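Participant: Give me the fold of what follows.
(one chain, ligands or ions: 1)
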Amino acid sequence: MSDFTAKYRPQTNSELDLTFAREQISKIFSSGKVPHALLFSGPRGIGKTSAARIVAKTVNCLEPTKEGEPCNKCDQCVSITNGSNLDILEIDAASNRGIDDIRDLKEKIKLAPTRAKYKVYIIDEVHMLTTEAFNALLKTLEEPPEHAIFILCTTAPEKLPETITSRCLQINFKRASEKEIIEKLEKISKEEKIEIEKEALAKIAKAVNGSFRDATKILEQLSFAKEKITVDFVAEILGQITGLGPEKLLVLLVDKDTVDGIKEIDRIVESGGNLRVYTEQLLELLRLGMLAKLGVTDITEIQQITLSIEDYKRLIEIFAKAGLELKDAVIPQLPLEMAVVEWCVEGQEKRDVGSKKREEEDENQKKKEPESRISPLASHLSTVSSSSSISLESIQNKWPEVLKGVKPKNHSVEALLRATRPLEVKNNFLILEVFYKFHKDKLESEKCRQILEDTINEVYGEPIQIRCVLGERKPANTESLKETETLKDAETQNDDIIKSAEEIFSVSVE
Ligand SMILES: [Zn+2]
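Facilitator: Sure, this is the predicted structure:
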């Protein structure tokens with residue numbers, strides 16, 4: 001099976017999918033001066049590492065084209081493409097925080113390249129380096145040898161010390177536009193002879209939040225379908241992404257509905273939504289609402305929401321704060337849940353001021369209400385610590401036996417299971433991580449569940465129920481792969497899932 005991501009990785013500057021980056025890089029190298037330190041910043045999956053490799057080829061190609069592009073045929077180009085060039089060093093700062101690599105780099109950098117003209121150091125996720133490694137890197141950047149070029153890549157340039165960024169020529173890889181994503185998908189579809197509706201491509205482009213890599217992976221998944229790919233089919237695959245906008249929460253906030261507000265956030269989490277993106281969208285919605293209220297803009301659907309300027313201000317404050325707290329949250333959705341509680345309870349208090357007569361009554365009410373209103377949150381917290389008699393470890397140890405036991409009963413269920421992973425045992429529930437909503441739906445169907453639970457009972461000698469949650473590493477979710485995405489195991493896991501998906505598409509679970 002081909003891997004679209006590798007197959008359609010750009011190999012020359014003109015093939016770079018991102019117009020802005022393409023133009024910037026081309027400008028730099030057409031000037032004839034070779035910079036010694038470049039900083040490529042931007043979201044994951046946008047093509048930073050691909051661009052870095054192209055730069056390595058551009059400076060080392062033995063027979064560049066007259067446009068100054070690498071030939072992709074000479075020894076240098078070929079060895080850089082297949083990763084065997086000894087003078088091109090790729091360091092993944094996310095995997096071991098780079099201490100040994102940078103120490104090694106410091107020692108060896110003075111040595112001339114073995115065969116290439118330039119030694120090129122590509123440091124991916126450079127913001128993950130330890131302070132020690134940063135200091136070592138800085139020393140090298142202060143006086144780089146003539147034969148060395150550094151290309152630092154990062155999804156979080158704001159985490160880099162100013163001493164580093166100031167020494168680099170920075171190119172900001174902005175999120176790809178939907179148009180750019182569609183262009184790339186069209187190119188691949190044509191090449192692979194995939195029949196797909198135009199609206200279906202647009203739907204994918206909308207869902208991937210500017211990531212070429214995610215878009216490519218989704219198209220690869222879809223390419224297993226035997227018929228023309230329709231927009232509905234795409235919608236099914238992307239099920240967890242659609243309907244996850246913040247509009248519903250906004251309505252609940254207007255109603256000061258704490259319980260349903262928290263439930264809505266849980267639904268987003270369960271469906272594999274990205275809370276950071278979700279919060280950004282909510283803030284944007286509030287901002288537009290406030291501007292509409294002020295008469296700055298004219299957006300009718302938002303105007304229908306009955307919030308005062310004061311309300312908008314307060315909501316923006318509360319949710320902007322929650323947005324900042326998301327990164328370090330122990331329970332991912334907790335900051336948003338707290339924001340909902342804060343807003344709704346606060347609103348409750350404000351309303352109480354209006355009626356002096358009911359003050360005493362309200363006093364009691366207030367004491368009771370916040371407590372009863374946050375109960376779903378409290379119950380959520382309490383389940384976190386509970387456990388069951390079967391450990392996750394013993395589940396994992398005998399998991400192959402479960403697969404083996406399921407197979408003769410139903411091949412498709414086994415294929416589905418191979419695309420999942422036991423995540424947790426909680427209150428006699430085995431939580432399975434799945435990566436697509438339609439996998440989840442199928443596995444949780446009465447029939448699948450029965451087969452699975454029977455087999456689990458046979459294997460472990462104890463009844464245990466299953467529940468599925470949408471996992472983090474599915475390619476369809478933009479934030480999902482995070483920094484670790486570059487790690488080999490994540491890649492391998494994705495390959496496995498894609499392989500399993502292939503089987504699932506070819507057999508239906510009936
Ligand atoms: Zn070449």
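
Participant: and the closest residue to the ion within the stretch 151-300 of the chain, how many residues sit next to it?
Facilitator: Closest residue of the stretch 151-300 of the chain to the ion, C-beta to the ion: Ile151 (18.0 Å). Where C-beta positions appear, they are placed from N, C-alpha and C, glycine not excepted. Neighbour count of Ile151, defined by other C-beta atoms under 10 Å: 26.

Participant: Please apply the same query to Arg167.
Facilitator: The tally of other residues near Arg167 (other C-beta under 10 Å) stands at 17.

Participant: pretty sure Thr65 is in a strand, no?
Facilitator: No. Membership of Thr65 in a strand is not supported by DSSP: H, G, I helix; E, B strand; the rest coil, which gives coil.

Participant: contacting residues around the helix or strand hosting Val469?
Facilitator: Using DSSP states H and E, Val469 sits within strand 465-470. Contacting residues not belonging to strand 465-470 are listed as 240, 270-272, 420, 423, 428-437, 439-440, 443-444, 449, 452-453, 456, 477 [C-beta atoms under 8 Å, 6 or more residues apart in numbering].

Participant: ok so, going back, got the contact list for the residue lying closest to the residue of the stretch 151-300 of the chain closest to the ion once chain neighbours are set aside?
Facilitator: Distances taken as C-beta to C-beta, 6 or more residues apart in numbering place Ala52 nearest to Ile151, at 4.2 Å, with adjacent residues excluded. Counting by C-beta under 8 Å, 6+ apart, Ala52 touches Leu38, Phe40, Val120, Ile122, Ile151, Cys153.

Participant: how about low-confidence regions in the chain?
Facilitator: 1-2, 95-99, 239-244, 271-272, 297-305, 347-389, 427, 437-438, 472-510 (pLDDT under 70).

Participant: Get me the contact residues on it for the ion.
Facilitator: Cys61, Pro70, Cys71, Cys74, Cys77 (C-beta under 5 Å from the ion).

Participant: Apply 8 Å and report the result again.
Facilitator: By the rule C-beta under 8 Å from the ion, the part of the chain lying against the ion is 57, 60-64, 70-78.

Participant: Now rank those by neighbours and give me the top one.
Facilitator: Neighbour max across the residues of the chain next to the ion (other C-beta under 10 Å) = Lys57, 28 neighbours.

Participant: Would you list the phi and psi of the residue lying closest to it once chain neighbours are set aside?
Facilitator: Counting by C-beta to C-beta, 6+ apart, Lys57 lies nearest to Pro70, which is 3.6 Å off, once chain neighbours are set aside. Backbone dihedrals for Pro70, given as degrees, to the nearest 10, come out at phi -60, psi 150.

Participant: List the contacts of Pro70.
Facilitator: Neighbours of Pro70 in contact, by C-beta under 8 Å, 6+ apart: Gln11, Thr12, Ile54, Lys57, Thr58, Cys61, Pro64, Cys77.

Participant: who's in contact with the second one?
Facilitator: Yep, that's Thr12 we're talking about. Contacts of Thr12 by C-beta under 8 Å, 6+ apart are Ile54, Glu69, Pro70, Asn72.
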